[in-house]
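> kindly return the folded structure for what I paste below:
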Amino acid sequence: MSRDTFPFTFGTLRALQRQREELECEDRQRAMSREFLTRKVLTPRRSSRPPASRRHQYCRDTAIHNALYTGDIERLKGIFREDGSADVMVETVSEELQWSPEIGLWSLTPKKSYTSPLRITAGRGYAECVRHLVSRGADPNSTAGGRGALHDSSEGRHAECTRVLLSRGADPNLLDEDGRAPLHLCSTPDTFECAKLLLEYGAHIHLPCHYTRATPLHVASGRGLEEHVVLYLQLGADPCALNREGETPLNAACAAAESPQHFGRYYRVVKILLKAGGHPGTPGKKGHGPLHNASANCHLRLAELLLDHGATVNVTNSAGYSPLDCALQVCMDYPKCQPHQLVQLLLNHGAIPSGTKMWRFCAASPVVFEILLNSYDRIPPGDKWVESVPAEIWEEHLTFYNSVLKATNQPRPLQHLARCALRKQFGVQCHKAFLDLALPPGLTSYLLLQPEGIIH
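Here you go, the predicted structure:
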């Protein structure tokens, strides 16, 4: 089907409205289009064709584009004066680099994209323009370019535009081409008011994304949005809902807590989810549970919170890694996040080291390495870990590394063996039992693997 390009004169707009509403077949539509463009007449009558079959009209006028993108309400009032005149498609052409196998070069290729006047203005927060366009026939539920105007206003955190669209009949559960509803796009702290409006107008709190099956609570949890999470839970969102990967909102929050500067808000979100009934042991993608994610992100407080709520410390993911293994693998990536305290925490909750294969990840961190080695009743033979320690670190901590080599495959002192026996006896309760024994502070620290800077 060919597309009509037109100048934005009032007579042409009236003719296009007539074409869109009356014609029933393509040949007759083209014939009457030429007649109306010549006579500039308007005799409106309702089309017998359903709206879904109407033929779109396309605007390529850059002057009109500029008025829309800048929110020039006075110009838009002059352009879109007639009823139905705003229900058009906006076509833009951009140049994109694409690989051409024929010539073996990257070349600039024109690429057309489509949107609508309503989407442009709603996505930029031009509420007055949105009101005018809707009053002139812009469909608030049109999905020009793969999404609706409500998606743009919600994602752009424009609460007033969202309010206008909802009050004019926009569907709060309309899905875009990626299967997401507007509530799924409320993914920043500033979108809280938009989320409240969507829910007030009937957005489904349990609606999953069509493809990922993620609920709005998954999205909010994965972005660390405390207010959103509290609101959704108050309205009945399920903290144990599973997405297509089998992950809960709790998994999503723990996995996303990657940056130390955002550790605080993710900790609070996880605390809220746990209080609401989220289960700390539900495995997610590839068997990676919340504690795996917290350990892989070196989030000490989050790991402690999960353990306090019953997370299992020795569960393994599909690759055979335990949370302790995940912590050891990243200890060099998070030097400022007390990785030694995380390893110590996991060991004092009963974590069992998987063997020497993890030593190469942590050998260059003497404090972590010492805590790990002191969880063994004897140090197994092998020196492959030596090559993973940079020369400068080896020289700086020469006394420690020499003590490791000296103790390898040798009997450990009786004091250490007694420590190992007590730790084996109390198992996952070590962290609590040794404190309850009211032992001298130095002995308690020793039992809880406090590092000393040397291996005995």
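> name the element the closest residue in space to Trp99 that isn't next to it in sequence belongs to?
The shortest distance from Trp99 to any non-neighbouring residue, by C-beta to C-beta, 6 or more residues apart in numbering, is to Trp106 (5.7 Å). (Glycine included, C-beta is placed from N, CA and C.) Applying DSSP states H and E as the criterion places Trp106 in strand 105-115.
> got the CA positions of the following helix or strand past that strand in CSV?
Per DSSP H and E, strand 105-115 leads on to helix 117-122 as the next helix or strand towards the C-terminus. Output of helix 117-122 as CSV, limited to C-alpha atoms (Å, rounded to 0.1, in the frame of the first residue of the first chain):
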residue,chain,number,x,y,z
PRO,A,117,2.2,13.7,17.2
LEU,A,118,0.7,12.5,20.5
ARG,A,119,3.7,10.3,21.3
ILE,A,120,6.2,13.1,20.5
THR,A,121,4.5,15.6,22.8
ALA,A,122,3.6,13.1,25.6
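> who does helix 117-122 touch, helix- and strand-wise?
helix 62-70, helix 127-135, helix 149-155, helix 159-167 (3 or more C-beta pairs under 8 Å, 6 or more residues apart in numbering; DSSP states H and E).
> what's that helix in contact with?
The contact list for helix 117-122 (C-beta atoms under 8 Å, 6 or more residues apart in numbering) reads 59, 68-69, 71, 76, 80, 86, 88, 90, 129-130, 133-134, 138-140, 142, 144-145, 147-150, 152-153, 156, 158, 161-162, 165.
> hmm, 7 Å instead?
Helix 117-122 has contacts (C-beta atoms under 7 Å, 6 or more residues apart in numbering) with 68-69, 71, 86, 88, 90, 129-130, 133, 138, 140, 142, 144-145, 149, 152-153, 158, 161, 165.
> same check, this time on stretch 161-170
122, 125, 127, 130-131, 134, 140-141, 148-150, 153-154, 172, 194, 197, 201.
> now list the buried members of those residues.
Neighbour-count burial (16 or more other C-beta atoms under 10 Å) applied to those gives 122, 125, 127, 130-131, 134, 140, 148-150, 153-154, 172, 194, 197, 201.
> of all the helices and strands packed on helix 117-122, which lies closest to Glu102?
Glu102 lies closest, by C-beta to C-beta, to one member of the helices and strands packed on helix 117-122: helix 62-70, at 31.9 Å.
> could you check how far that closest one is from the centre of its chain?
33 Å (C-alpha atoms, centre = their mean, to the nearest Å).
> what residues sit buried inside the helix or strand following it?
Counting by DSSP H and E, the next helix or strand C-terminal to helix 62-70 is helix 73-79. For helix 73-79, burial by neighbour count (16+ other C-beta under 10 Å) applies to Ile73, Arg75, Leu76, Ile79.
> correct me, but the third one touches Ser135?
Read that as Leu76. No. Assessed by C-beta atoms under 7 Å, Leu76 is found out of contact with Ser135, at 11.2 Å.
> thought the residue nearest to Trp99 was touching Leu97?
Yes. Between Trp106 and Leu97 there is a contact at 5.0 Å, judged by C-beta under 7 Å.
> tell me which helix or strand Glu392 sits in.
Here Glu392 is covered by helix 391-396, with elements defined by DSSP H and E.
> state the mean pLDDT of that helix.
For helix 391-396, mean pLDDT rounds to 95.
> show residues contacting that helix.
Ala364, Tyr401.
> also stretch 349-368?
With C-beta under 7 Å, 6+ apart as the contact definition, stretch 349-368 has outside contacts at 307, 313-314, 322-325, 328-329, 331-332, 339-340, 343, 369, 372, 375-376, 380, 382, 384-385, 388-390, 393, 397, 400, 427-428, 430-431, 451.
> perfect, I'm done here.
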